[in-house]
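*Asks:* no sequence on hand, only this structure:
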């Protein structure tokens with residue numbers, strides 16, 4: 001009887017772990033979140049690092065890049081260097097149908113798609129692939 005109870009507990013644990021692993025939406029997590037994807041993506045973000053085909057290119061930005069992603073599906077991206085605003089871009093954003101992608105469309109510009117690999121309360125990782133095949137990946141923090 002005791003062996004049967006232990007076997008059932010082990011089986012229930014294995015099934016639970018398998019189910020939770022299938023809930024993972026993004027490659028780099030999180031496993032599960034109580035906040036909606038929209039709630040997690042909105043906020044003020046700062047560039048933590050950037051890579052091109054796996055090579056660190058963070059230092060080539062020479063300024064602080066900040067994104068403000070709003071719940072009304074608008075965004076503002078600005079670059080600040082030595083306390084001076086270098087550039088500011090505003091526009092709209094939206095998720096792709098499966099919410100694996102996020103699209104940014106600058107005012108008067110063309111839409112750019114980014115694949116989300118991590119979306120946590122304080123971390124947003126995404127990348128896009130340029131027309132020449134280069135993969136540019138960004139890691140943002142709140």
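*Replies:* On my side now, so go ahead. Since the model is a prediction, treat every value here as computed from it, not as a measurement.

*Asks:* what's the first-to-last distance across stretch 92-109?
*Replies:* Start and end residues of stretch 92-109 are separated by 10 Å (Cα to Cα, to the nearest Å).

*Asks:* buried residues in it?
*Replies:* 93, 99-100, 102, 104 (16 or more other Cβ atoms under 10 Å). C-beta here means a position set from N, CA and C on the backbone, and glycine is covered the same way.

*Asks:* what is the nearest of those to residue 81?
*Replies:* Relative to residue 81, the closest of those is residue 104; by Cβ to Cβ it sits at 21.4 Å.

*Asks:* state the distance from the closest one to residue 135.
*Replies:* From residue 104 across to residue 135, the span is 17 Å (Cβ to Cβ, to the nearest Å).

*Asks:* which residues does residue 116 bridge with?
*Replies:* residue 126 (DSSP bridges).

*Asks:* so which of the buried residues of stretch 92-109 sit within strands?
*Replies:* Members of the buried residues of stretch 92-109 lying in strands (criterion: DSSP state E): 93, 102, 104.
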